[in-house]
Structure formats: C-alpha cells, structure tokens
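**Student:** Sequence first, predicted model second:
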Amino acid sequence: MAAVLIALLPVSAFLLILFLFDSFKLVPRLMLARALASGAAAALVALALHRWLFDLTGLDTRTFARYVAPVTEETLKALCLVYPLRRGQIGFPVDAAIVGFGVGAGFALVENVDYLRGLNDPRIWVWTARGFGAAIMHASTTAVIAITAKTLADRNPSRALFAILPGWILAVALHATFNRALVSPLLAAAVLLFVVPLVVLAVFERSESMTREWVGEGLDLDVELLALIRSSHFGETRLGRYLAELRSRFPGPVVADMFCLLQLELELGIRAKGMLMAREAGLEVPIDDQIRASLAERSYLHRMIGPTGLLALRPLQVTTLRDDWHGYLLRHAGKPARWWRRDV
Amino acid sequence: MYDLALMQIDESRVQGAVVLALTGRVDSTTSAALEHHLAGLTAAGERRLIVDFSGVDYISSAGLRVMLALAKRVRDLKGQLALCGMGDTVKQVFALAGFLPLFAVADSRNDALDKVAG
C-alpha cells in the first residue's frame, strides 16, 4: 500500500498545485472528487472488461498490453469526461486539465492496487517504478484528452461531439508507446514527469490569460450588446432583423421568448464574468434571489422555445456551451458552503 | 488634481476621509493611473475612502477591476469604503456584474460620509 501511495505522489502533488493555482476557482472540490471517483470506477470496469477480453481473444499479456489495453483504457477514461464536457461544467482548458488529471489519477490508483496484488516481486522499487510511471502516464493522457476536447469544442461548437476524438487518438498513441517499453519504465516515467508538467503548465498559463481576457473584454462587449438590445434601435440591427425574420417560421410568443432569452443569457453572462473577476480579486459575490429566478426563467425559456427554436438561434450565438457553463457556475456559487467547496 | 485626457481625479479630505471625485471615463486607458493613485493612498494607511462617481459617464471591466482591488485592500486594512454619485449607466454596470453588495453605495457625498464615519 505504501508503494501505491508513493507511486501516486507526483501526480497528486501536481494536481494539488494546479488546483491551488486555479486563481478563478473554476474547479470546485466536489467536481475534483467526482473526477477521481469516476476514474477509479473506469479502472474497475477496465479490469472486468480485460478479463473477459483475455478469455475471448486468448492473446498473450504483452500483445494485449501493447494493442488492446491502450484503446480500452483511454476510451473508458474519455467517457468519464463526456458528461462534464457536454453539460457545460468545464469552462476553460485549465479546468479541463485539472479534471482530466483527476480522472487519470483515480484510474491509476485502482490499477496500481490491482497490479500490486498480483505482483510476486518483493522489491519495492519495482512496485514504485511501475506505479509511478503508470500514474503519470494515466493522468497525463487523460489531461491531454480533456484539454484537446475542450479547445476543439470551443472553436467548433457545432461539432462538440467529435471534439474528443483527436485527443483520444493522441492519448492511445502515448499510452501504447509507454506500454511498448521502448525504454525502461523509469526512464519513460521520468520523461513524462519532465515533459508533461511543462506542457500542462503552459496550457494552464495560456488558459489563465485567456480567462482573464474573456472575463474583461467579454464583459464589456456583453454590456454594450445588452444596452443595444434594450434600445429602440435594436430592430434596425442585424440581430434585430434576424429575429424579425424568425416570425415567419415560429409563433409570435416563441419569438418573444427568443428575444427574452437573448437578454437573459447576456445578463447571466455578465454576472458570471463579474463573479470570476471578483474571485480573482479575492472577493466572493453573493448570489441573490434575482439570479436564482433568472436561472429558473432560462430553463423555462428553453422549454418554451424548444430544440428547433434553439437551433434557429445558433447564428446569434445564444445558448452556447459557454452559456451552459455560466449557468453551472452561477448555480453552484449559490449553494451553501460545505467542506467540499472552496471558499475564497 | 490629476488630469489625463479622458479622466480627472480630484482628491480632497472631508471629516478625516479621503474623497476622490472622478470625472470622465474609467476604462482600460485610464484605470492604470487610477489604480496607482488608489494604491498610493492605501499604502499610506488611508482607511476611510469615498469614491465619487458623479462625473463618470462610463466604466468598463478595467475600472471594475480597480474598484474590486480597492475593496479588497480596504477590507484587509479593516477600513471603510463608500461609492457615491453613481449615474444610471455606471450603477447599471455594477448591478449587472453583481458588485453592488460588495460596496457601501450612497446617493450623495454626505450620505457616503455617514457610511464611512468611524
């Protein structure tokens, strides 16, 4: 057990550093705990699946480790990321990196416990090397999937479902290379330990700077747009003319709700950005009844407008994945403090 | 008085509190100078501050950041900070961002002085 814990130490330390450096407090403790738990659950599924596949295929261990395990394991870990990505719970590459690391660390913990149970070698350094390398590898490949998926989904929201594929392919390739043991496991782990944190830190810094820009400039743009929407000239703008054209395809009340949703998403977006700005300054903005009412109203408007209506609003960038994330951020900011929440 | 092309800062002392009357725009161009000025005041130990927005017709996120940083510093100093004289536009920006609960907001300078009174 001690070897498992030692083996997980670098990943845990790096995860803790990322978590603490997350100046916008994008990842609540509960979300991180869920990531660890889902990774562990994925590892349990992998163990059962591998036993079945071994019996089915009759492959030897080496071939299985090189060609089958990377595919199955990276797929299971990627599935753990689908829910938070699709539900708009991940806003930026930085929280994607933290969640990805968490899933990988949870996976590695269960895998190492199972591996060490079956290992007959009494030398503790063998356990540690294996566990160390596997932990770094699993955390890194899952972080790669998460960061890539989030970045691609942001660039092309209409293809968000496929955004996970390129990262998954890269993760499988990295995993398979690691399992081929082209170099000694310790050397491979050392390379990963050196290279991956540099890559993740670079992503982290870039993401923090992107977040800061988005919060600032995005808030200013949203305020201007909201003022324009509320003005008497809105009908003469391209947005206004587009909404007017929708009247020929949708009932009047639905178009009215579309207009309301446009305003509401902007208001919530401004609030979310304000919250992040305050967190960066070390202050927490309280969530009031008005925000709770606005979030409930947003759900109501989505239902009234319906999926076809929401699709028609896409050119206006209304209710994007980022807007879903605004809602998630505001909903969870309003929850009472618990030991698992981070307080500013 | 500090005079930038787009913003002026008039500093005075009333009943022991430092009053900063801003005129013009508080945006990415002018906020750095405002932040520098406010940092100087708090570094010098000023703990009772009033920022008068009567002459401000525009504030962007850059200005909001400066005010948040000021609120944090004053809170750490266990001081008092009040904002007053906000026009509709400026108040709306603070309200939309959800920042009004973070500050003591007054309609007039006299009301603000009551809020920061020791």
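**Tutor:** Happy to help now that I have it.

**Student:** What distance do you get for the closest residue to chain A within chain B to residue A:237?
**Tutor:** Shortest chain B-to-chain A distance, computed as CB to the nearest CB: residue-wise this is residue B:97, at 3.0 Å. (Each C-beta comes from the backbone N, C-alpha and C, glycine too.) Look at residue B:97 and residue A:237: by CB to CB, to the nearest Å, they are 24 Å apart.

**Student:** For the two, indicate the residue with more neighbours.
**Tutor:** residue B:97 (24 against 14; other CB atoms under 10 Å in any protein chain shown).

**Student:** Am I right that that one is in contact with residue B:63?
**Tutor:** No - contact criterion CB atoms under 8 Å: residue B:97 and residue B:63 do not qualify, at 10.9 Å.

**Student:** list the residues that contact both of the two?
**Tutor:** Overlap of the contact sets of residue B:97 and residue B:63 (by CB atoms under 8 Å, 6 or more residues apart in numbering or on different chains) is empty.

**Student:** how many neighbours does residue B:110 have?
**Tutor:** 11.

**Student:** Quick check: phi and psi on it?
**Tutor:** Backbone geometry at residue B:110, expressed as degrees, to the nearest 10, gives phi -60, psi -40.

**Student:** and what of residue B:20?
**Tutor:** Per degrees, to the nearest 10, the backbone of residue B:20 is at phi -110, psi 110.

**Student:** cool, and the one 10 residues further on?
**Tutor:** The main-chain torsion angles of residue B:30 are listed as degrees, to the nearest 10 and equal phi -100, psi -20.

**Student:** nearest residue to it other than its sequence neighbours?
**Tutor:** Closest residue to residue B:30 apart from its sequence neighbours, by CB to CB, 6 or more residues apart in numbering or on different chains: residue B:7 at 3.9 Å.

**Student:** number of nearby residues for the one you found?
**Tutor:** Residue B:7: 22 neighbours (other CB under 10 Å).

**Student:** which bits of chain B sit near chain A?
**Tutor:** Within chain B, the positions near chain A by CB under 8 Å from any CB of the partner chain are B:60-62, B:64-65, B:68-69, B:71-72, B:75, B:93, B:96-99, B:101-102.

**Student:** Flag the shaky bits of chain B, pLDDT-wise.
**Tutor:** In the predicted model of chain B, residues B:1-5, B:118 satisfy pLDDT under 70.

**Student:** Likewise for the stretch 51-200 of chain A?
**Tutor:** For the stretch 51-200 of chain A (pLDDT under 70), the answer is A:118-130, A:158-161, A:181-190, A:192-193, A:196-197.

**Student:** residue ranges of the strands in chain B, please?
**Tutor:** B:2-3, B:7-14, B:17-26, B:48-59, B:80-84, B:104-106 (DSSP state E).

**Student:** Residue A:307 is nearest to which of these?
**Tutor:** With CB to CB as the measure, strand B:48-59 is the member of the strands of chain B nearest residue A:307 (38.9 Å).

**Student:** how far out from the middle of the chain is that closest one?
**Tutor:** 5 Å (CA atoms, centre = their mean, to the nearest Å).

**Student:** Spell out which parts of chain A neighbour chain B.
**Tutor:** Counting by CB under 8 Å from any CB, the positions of chain A adjacent to chain B are A:215-217, A:219-220, A:223, A:226, A:267, A:270-271, A:273-275, A:277-278, A:281-283, A:285-288, A:291.

**Student:** Residue 75: neighbouring residues, count only.
**Tutor:** As the question left the chain open, I've gone with chain A. Residue A:75, neighbours per other CB under 10 Å, totals 16.

**Student:** Please refer instead to chain B.
**Tutor:** 14.

**Student:** quick one, what contacts it?
**Tutor:** Applying CB under 8 Å, 6+ apart, the residues near residue B:75 are residue A:283.

**Student:** hmm, back to that, packed most tightly, which of the strands of chain B would that be?
**Tutor:** Using mean count of other CB atoms under 10 Å in any protein chain shown, the stretch among the strands of chain B with the largest mean neighbour count is strand B:80-84, at a mean of 23.

**Student:** Partner strands of that strand and their direction?
**Tutor:** Next to strand B:80-84 in the sheet, as set by DSSP bridges, lie strand B:48-59 (parallel), strand B:104-106 (parallel).

**Student:** show me the contacts for residue A:78.
**Tutor:** A:142, A:145, A:164, A:167, A:168, A:171.

**Student:** Quick one: buried ones out of the residues of chain A next to chain B?
**Tutor:** Among the residues of chain A next to chain B, those classed as buried by 16 or more other CB atoms under 10 Å in any protein chain shown are A:215-216, A:219-220, A:223, A:226, A:267, A:270-271, A:273-275, A:277-278, A:281, A:283, A:285, A:287, A:291.

**Student:** out of those residues, which are inside helices?
**Tutor:** Taking DSSP state H, the ones among those that sit in helices are A:215-216, A:219-220, A:223, A:226, A:267, A:270-271, A:273-275, A:277-278, A:291.

**Student:** Convert stretch A:230-248 to CSV, retaining C-alpha atoms only.
**Tutor:** C-alpha atoms of stretch A:230-248 as CSV (Å, rounded to 0.1, in the frame of the first residue of the first chain):
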residue,chain,number,x,y,z
ARG,A,230,-32.7,47.3,-24.8
SER,A,231,-32.5,50.3,-27.0
SER,A,232,-35.2,51.4,-29.5
HIS,A,233,-32.7,50.8,-32.4
PHE,A,234,-32.4,47.1,-31.9
GLY,A,235,-34.9,46.3,-34.7
GLU,A,236,-32.6,48.1,-37.2
THR,A,237,-29.6,45.9,-36.3
ARG,A,238,-28.7,42.6,-37.9
LEU,A,239,-29.6,40.8,-34.8
GLY,A,240,-33.0,42.5,-34.7
ARG,A,241,-33.7,41.9,-38.4
TYR,A,242,-32.8,38.2,-37.9
LEU,A,243,-35.2,37.8,-35.0
ALA,A,244,-37.9,39.6,-37.1
GLU,A,245,-37.4,37.1,-39.9
LEU,A,246,-37.9,34.2,-37.5
ARG,A,247,-41.5,35.5,-37.0
SER,A,248,-42.3,33.8,-40.4
